[in-house]
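[1] Show me how the following folds:
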Amino acid sequence: MLSDTAVQTVVDSAWSRRYRWRVFRPVRDLTAKYSADAGRLPPLPRRYVDQNMLQPYLDTAIPDMRLWTELGIAADHADYITFITKYASTRPSTKATTELLFLLDKLAQGSYDALTTLVGTSAARMEWTRATSREAYELLVTIRRYYRSELDLKDLLGSSQLRGFYDRIRVTILTSVIATTPNGYRASDARFLVGGIYWRQGRVDEAVRWWRDMTVDPADSYVTAYSRVLEAVRHAGPDGERLDRGAINSVPDDERRKFFETRLKQFGYSFDVY
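    Numbering: from 1, shown residues only. Okay, the predicted model is just below:
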């Protein structure tokens, strides 16, 4: 029976540029305690995902800061995944599980970002770490060497191969949402994201196929964005011959970028402060 203000207070208490799992505790405690469908629980993990996850980072002249921050956040992902897996197995096809699967999708994106930063940043650029702690620098070199070796063995060292690998993970998560969510709850949000993955890959027909099946629900998180996409798809005709690609490309990030700028300022951060 939490009010909107109380829900927002819990979400704000779980805000962090680092140590995400530690401050996530109030959200997970409430999620584990209350009904997965009834009452005010489902909006809590949703608002947490919408407002606290995938925070933007801006590289500075010292790349070490971003890399260490992303590695620290990624290290927490195992705890999130364990929690989500156990919750989903005991409460399948519930609204709260749907919300946690959207969280899992964000974790996949965050893991990809951290891994690309790790393997794409030369150890020679880590001068700040080398000067501050030789032990930390050697750890970083070891971690980077290990993951580059593992990716090479799996033929994932190329940027397109690695992106494709994580895209397949995300599609699996999001199609699971569509298949299991109760009464179509947030199914259009999931279809919008799946279509976005295929659109970025250049698989336009596949993207449009997923988007055509969306139905507008004002309660969805991405309703503003996917309504614009759906309008462009419907105006394109049955064969997509008049598809306004510019309109679709302009949709994804504008509102979220503005939102996170406001959210960062609320807590006294800027894009390059971690």
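[2] And the next helix or strand past whichever helix or strand residue 7 is part of?
    Following DSSP states H and E, one finds residue 7 within helix 4-13. Where DSSP H and E defines the elements, the next helix or strand beyond helix 4-13 is helix 20-23.
[3] If we go by neighbour counts, what in that next one is buried?
    For helix 20-23, a neighbour-count test (16 or more other Cβ atoms under 10 Å) marks 20, 21 as buried. C-beta here means a position set from N, CA and C on the backbone, and glycine is covered the same way.
[4] picking up where we left off before, which residues does the helix holding residue 7 contact?
    The contact list for helix 4-13 (Cβ atoms under 8 Å, 6 or more residues apart in numbering) reads 2, 23, 26, 27, 30, 40, 43, 44, 47, 48, 51, 52.
[5] can you give me the offset of it from its chain's centre?
    20 Å (Cα atoms, centre = their mean, to the nearest Å).
[6] cool, stretch 92-100 as well?
    Between the centre of stretch 92-100 and the centre of its chain there are 16 Å (Cα atoms, centre = their mean).
[7] Give me the buried positions along the longest helix seen in the chain.
    Looking across the chain with DSSP state H, the single longest helix is helix 95-120. Across helix 95-120, burial judged by 16+ other Cβ under 10 Å covers 95-108, 110-115, 117-119.
[8] now do stretch 190-201
    Quick answer for stretch 190-201 (16+ other Cβ under 10 Å): 190, 191, 192, 193, 194, 195, 196, 197, 198, 199.
[9] what about the helices in the stretch 51-200 of the chain?
    Ranges of helices in the stretch 51-200 of the chain, per DSSP state H, counting those that start in this stretch, are 64-75, 77-90, 95-120, 127-132, 134-153, 159-180, 187-200.
[10] show me where pLDDT drops low in the stretch 101-250 of the chain?
    239-240 (pLDDT under 70).
[11] Tell me, what's the model's pLDDT at the closest residue to residue 102 other than its chain neighbours?
    Leaving aside its chain neighbours, residue 102 sits nearest to residue 49 (5.5 Å; criterion: Cβ to Cβ, 6 or more residues apart in numbering). Residue 49 carries a pLDDT value of 96.
[12] measure stretch 17-34 end to end?
    Using Cα to Cα, to the nearest Å, the end-to-end distance of stretch 17-34 comes to 27 Å.
[13] for that stretch, which positions count as buried?
    So, applying 16+ other Cβ under 10 Å, buried residues of stretch 17-34: 20, 21, 24, 27, 28, 30, 31, 34.
[14] Just give me the closest of the residues you listed to residue 80.
    Using Cβ to Cβ, residue 21 comes nearest to residue 80 of the buried residues of stretch 17-34, at 6.4 Å.
[15] Check the gap between the residue nearest to that closest one when sequence neighbours are not counted and residue 248 for me.
    Once flanking residues are discounted, residue 21 sits nearest to residue 76: 3.8 Å by Cβ to Cβ, 6+ apart. Using Cβ to Cβ, to the nearest Å, we find residue 76 at a distance of 34 Å from residue 248.
[16] With neighbour numbers in mind, choose between these two.
    The residue with more neighbours, out of residue 76 and residue 248, is residue 248; 23 against 17, by other Cβ atoms under 10 Å.
[17] For whichever strand or helix holds that one, give me every contacting residue.
    Using DSSP H and E, the element containing residue 248 is helix 245-249. Contact with helix 245-249 is made by 199, 228, 229, 232, as judged by Cβ under 8 Å, 6+ apart.
[18] quick one, what contacts the last one?
    Residues in contact with residue 232 (Cβ under 8 Å, 6+ apart) are 243, 244, 247, 248.
[19] Recalculate using a threshold of 6 Å.
    244, 247, 248 (Cβ atoms under 6 Å, 6 or more residues apart in numbering).
[20] can you check residue 244 too?
    For residue 244, the contact set (Cβ under 6 Å, 6+ apart) comprises residue 232.
[21] The closest residue to residue 59 other than its chain neighbours: neighbouring residues, count only.
    Of all residues not flanking residue 59 in the chain, residue 66 sits nearest, at 5.7 Å (Cβ to Cβ, 6+ apart). Residue 66 has 19 neighbours, counted by other Cβ under 10 Å.
[22] Residue 46 too?
    Residues within reach of residue 46, counting by other Cβ under 10 Å, total 24.
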